[in-house]
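When you get a sec, could you give me coordinates for this:
(2 chains)
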Amino acid sequence: MRFPLLIFKVSGHSMDPTLRIGQFVLVNRWVLVKVGDLIVANDTQRDIKVIKRITKEVGRGKWKVESDNEGHGKPRVVTRDQIIGKVIRY
Amino acid sequence: MQSLFRLIDKIYQAPLVYAHCDIPCGIYDPHAAQLAAKTVLTMVQKIKDLPQKEKTLADKNNFVRMVHVKEDHAELCKGEILILWTDYFKAEHLEKFPDLHDLVWKTTKLCSDNKRAIDEAKAQELVAAVEKIAEIFEKSKAK
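The predicted structure follows:
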């Protein structure tokens, strides 16, 4: 069984002012996500992880995610299998 | 809390999580566009079902709200299609699906038409056009 908690370091401005560059976030892999949560998700094409906020449930196991910094980054849809976990502390 | 995280980071280097504006995150899905197009159609149908004469205050309120939702979702649909077009589809997809450019262009025009008008035929056309783009998207993902 995998350890539930992970720490990531934020890179980029798209989640300002909630998260700043260099800030650390604690992610729980064992909790269910919902609208309003900050989540870390796997990029499906590149070997990177992205951090976004869930703004809408758009289908079964599908969520619309956006940046907190308006105009920085476009809304996307992520699926349950792409989500690594929910940010529980920052 | 950040001090504790920094201490942990010294022992176990925390991986980066990207919050970049311009980095293509690679997370693409036509579902949001499909949902928005269907919402536009539903709003047009609901608006047409409203009483044409002797509207109550509630009818007038619903009419305004439905128009608002229709326009919002037409714009949302356009944005979602343009994200796929500019960020996801590549030259190799155009070679494989030669009518893709024309289809995207017509679909975004349909979004504008639906934003402006209350026309069920146009809304049906939009849903069908977005479905075609979604099919191409699925085919492009297939290995």
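
Can you tell me which helix or strand of chain B has the lowest average pLDDT?
strand B:16-18 (a mean of 81; mean pLDDT, DSSP states H and E).

what about the helix or strand just after that one, distance to the chain center?
Downstream of strand B:16-18, the first helix or strand assigned by DSSP states H and E is helix B:31-49. The chain centroid and the centroid of helix B:31-49 are separated by 12 Å, computed with C-alpha atoms, centre = their mean, to the nearest Å.

Show me which residues of helix B:31-49 are buried.
For helix B:31-49, burial by neighbour count (16 or more other C-beta atoms under 10 Å in any protein chain shown) applies to B:31-44, B:47. Every residue, glycine included, has its C-beta placed from N, CA and C.

Need the worst-confidence member of those.
Among those, B:Ala32 carries the lowest pLDDT, at 80.

That residue and A:Val77 touch, don't they?
Yes: if you go by C-beta atoms under 8 Å, B:Ala32 and A:Val77 touch, sitting 5.1 Å apart.

joint contacts of those two?
Common neighbours of B:Ala32 and A:Val77, using C-beta atoms under 8 Å, 6 or more residues apart in numbering or on different chains, are A:58, A:64.

thinking again about what came up before, out of the buried residues of helix B:31-49, which touch chain A?
B:31-32, B:35 (C-beta under 8 Å from any C-beta of the partner chain).

host element of A:Val58?
strand A:49-59.

Which secondary structure elements does that strand sit against?
strand A:5-11, strand A:38-42, strand A:62-66, strand A:76-79, strand B:16-18, helix B:31-49 (3 or more C-beta pairs under 8 Å, 6 or more residues apart in numbering or on different chains; DSSP states H and E).

what angle do the lengthiest helix in chain B and strand A:62-66 make?
Ranked by residue count and defined by DSSP state H, the top helix of chain B is helix B:57-83. Counting by axes from the mean of the first three to the mean of the last three C-alpha atoms, to 10 degrees, helix B:57-83 lies at 80 degrees to strand A:62-66.

and the angle from helix B:57-83 to helix B:31-49?
Going by the same axes, to 10 degrees, helix B:57-83 makes 150 degrees with helix B:31-49.

Would you indicate which residues of helix B:57-83 are buried?
Going by neighbour count (16+ other C-beta under 10 Å), the buried part of helix B:57-83 is B:62-63, B:66, B:69-70, B:73-83.
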